[in-house]
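> take a look and give me a structure for this.
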Amino acid sequence: MSTQTSERLTSLDAFRGATMALMVLVNNSGDGQHTYAPLEHAEWHGWTLTDTVFPSFLWIVGVAMTLAMAKRMAQGVPKLQLLRQAVQRTVILYGLGLLVYAFPHFDLSTQRLLGVLQRIALCYLIVTVIYLTCGVRGQIAWIVGLLSSYWLLMAYAPVPGFGSGRLDVEGNFAHYIDSIVLGRHNYASTRTWDPEGIVSTLPSIATALLGVMAGHLLRLKRDLAERTNWLFLCGNLLIVAGLICNVWLPINKKLWTSSFALFMAGLDFVVFAGFLWLVDAKGYKRWTRPFVILGMNAISIYMVSELFSETLSSIHVGAGSLRSVIYQSVFVPIASPYNASLLWAVSFTLLMFGVAYGMHRKGWFLRA
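Numbering: from 1, shown residues only. Alright, predicted model coming up:
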């Protein structure tokens, strides 16, 4: 018997919430000098658990927008109206992204123009246009075209003083474009380039489009078990494709290489297939309830976590920040440096769970 494609998938909210929890955890290490390796980004080539977070969010954006827009179009909502609403959401998300990086000093001369929410906003808008104007074959063609074009740019576009095909920090083509176009408005930690920069947005769009492909699979009028199997199969094929491409263009989150986009999307297909089977097929929903609550307000919690962390760091108490005082007086005395750092991150994450739960009880949801 076919499952209705209009069903709400608790597993998607749970997967989004689990990803959000991991993002908060890895973004709030107590001591940057004592962090377990899986909770740090790969230094350059390669990947860690932390590197899976951002591509998962973009992939989920593709899945969610496919399910939502397909349902609304079936209800007779015009495509132009959907596009106008997508533009409005894009402006809101981009503005929130600017706020995150401006706070608390609001130095517009070095305001970061791109970043996490900005990339989500831009990918969401572009993928919406592609989704509304192309069928499945056209969307697949876009994925292939975006990943191939980025590969060609990184391999053959010349960089003055370095030549072509360089994939180190200074000599890669993405760095060159960011340094020219963004100038002082790059990521503060690098100053001359942005890991969410201009050229690397191309393969990130493909990441969201791969989420759209998963959304199409979920909408099939097939039994849930069959759809789960298709997700699992496609995920493994993408993982293999990413590993093969890694030979020529290494998996690299900071460059968002084509191999990275394929490999991470493959992981998302596989992990989400597990969530889908356990939560929606087998009915194991109680253990995912905290993640569902977190996932239903993911943008709000991201904003709260980032702004609260900045606030703790900007309030000075004696010779240090309020954050440092709390960390040194509460967490450092009770554990080894690495475990104290982890305890801070876990405590911060649990606090964000509390915020999400409070918002859920009040019925407060930010629908950007």
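> distance-wise, check Cys234 relative to Ala273.
According to CB to CB, to the nearest Å, Cys234 stands 9 Å off from Ala273. Any C-beta I mention is one placed from the backbone N, CA and C, and that applies to glycine too.
> give the contact list for the residue positioned nearest the centre of the chain.
The geometric centre of the chain, computed from its C-alpha atoms, lies nearest to Phe54 (CA atoms, centre = their mean), at 2.5 Å. Phe54 is in contact with Met23, Val116, Arg119, Lys253, counting by CB atoms under 8 Å, 6 or more residues apart in numbering.
> can you check Ile326 too?
Contacts for Ile326 (CB under 8 Å, 6+ apart) come out as Leu312.
> about what we covered before: quick one: which of the contacts of Phe54 sit in helices?
The members of the contacts of Phe54 that map onto helices under DSSP state H are Met23, Val116, Arg119.
> could those go into CSV alongside neighbour count?
As requested, the ones in helices among the contacts of Phe54 are exported to CSV (neighbours: other CB atoms under 10 Å):
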residue, neighbour count
Met23, 23
Val116, 22
Arg119, 27
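> nearest to Phe353, of those residues?
Distances from Phe353 to those, taken as CB to CB, are shortest for Met23 (12.9 Å).
> what's the neighbour count on the residue lying closest to that closest one once chain neighbours are set aside?
The shortest distance from Met23 to any non-neighbouring residue, by CB to CB, 6 or more residues apart in numbering, is to Val53 (4.7 Å). Per other CB atoms under 10 Å, the neighbour tally for Val53 reads 21.
> in which helix or strand would I find Val53?
helix 53-74 (DSSP states H and E).
> buried stuff in that helix?
Using 16 or more other CB atoms under 10 Å as the test for burial, helix 53-74 gives 53-67, 69-70.
> again, but for stretch 128-145
For stretch 128-145, burial by neighbour count (16+ other CB under 10 Å) applies to Thr128, Ile130, Tyr131, Gln139, Trp142, Ile143.
> now stretch 144-151
For stretch 144-151, by 16+ other CB under 10 Å, it's Leu146, Leu147, Tyr150, Trp151.
> assign the last one to helix, strand or coil.
When the structure is split into helix, strand and coil by DSSP: H, G, I helix; E, B strand; the rest coil, Trp151 lands in helix.
> I figured it hits Asn246, correct?
No - using CB atoms under 8 Å, Trp151 is not in contact with Asn246; the gap is 12.0 Å.
> find the nearest non-adjacent residue to Ser300, please.
Leu366 (4.3 Å).
> tally of neighbours for the one you found?
Neighbourhood size, Leu366 [other CB under 10 Å]: 16.
> which residue ranges of the stretch 101-250 of the chain form strands?
In the stretch 101-250 of the chain, no segments count as strands under DSSP state E, counting those that start in this stretch.
> just the helices in it please.
Residue ranges of the helices in the stretch 101-250 of the chain, as given by DSSP state H, counting those that start in this stretch, are 116-133, 136-156, 173-181, 201-218, 224-245.
> need those helices in CSV with distance to Ser164 and mean pLDDT, can you?
As requested, the helices of the stretch 101-250 of the chain are exported to CSV (distance: least, CB to CB, whole Å; pLDDT from 0 to 100):
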stretch, distance to Ser164, mean pLDDT
helix 116-133, 25, 97
helix 136-156, 5, 97
helix 173-181, 8, 94
helix 201-218, 17, 97
helix 224-245, 18, 96
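> can I get the ones you listed in TSV with distance to Met359?
Formatted as TSV, the helices of the stretch 101-250 of the chain follow (distance: least, CB to CB, whole Å):
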stretch	distance to Met359
helix 116-133	18
helix 136-156	34
helix 173-181	36
helix 201-218	25
helix 224-245	30
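> just those helices: most buried one?
A comparison of those by mean neighbour count, using mean count of other CB atoms under 10 Å, puts helix 201-218 on top with a mean of 25.
> restricting to C-alpha, output it in CSV.
The C-alpha coordinates for helix 201-218 follow below in CSV (Å, rounded to 0.1, in the frame of the first residue of the first chain):
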residue,chain,number,x,y,z
THR,A,201,28.9,29.0,-3.5
LEU,A,202,28.5,27.1,-6.9
PRO,A,203,29.0,23.6,-5.4
SER,A,204,27.0,24.5,-2.3
ILE,A,205,24.0,25.2,-4.6
ALA,A,206,24.5,21.6,-5.9
THR,A,207,24.5,20.4,-2.3
ALA,A,208,21.0,21.9,-1.8
LEU,A,209,19.9,20.5,-5.2
LEU,A,210,21.0,17.0,-4.1
GLY,A,211,18.6,17.6,-1.2
VAL,A,212,15.9,18.4,-3.8
MET,A,213,16.6,15.0,-5.3
ALA,A,214,16.0,13.3,-1.9
GLY,A,215,12.8,15.3,-1.7
HIS,A,216,11.7,13.8,-5.0
LEU,A,217,12.4,10.3,-3.7
LEU,A,218,10.4,11.0,-0.6
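> what is that helix packed up against?
Helix 201-218 is packed against helix 53-74, helix 116-133, helix 136-156, helix 224-245, helix 258-275, with contacts defined by 3 or more CB pairs under 8 Å, 6 or more residues apart in numbering; DSSP states H and E.
> any low-confidence regions in the protein?
Applying pLDDT under 70 to the chain flags residues 1-8, 367-368.
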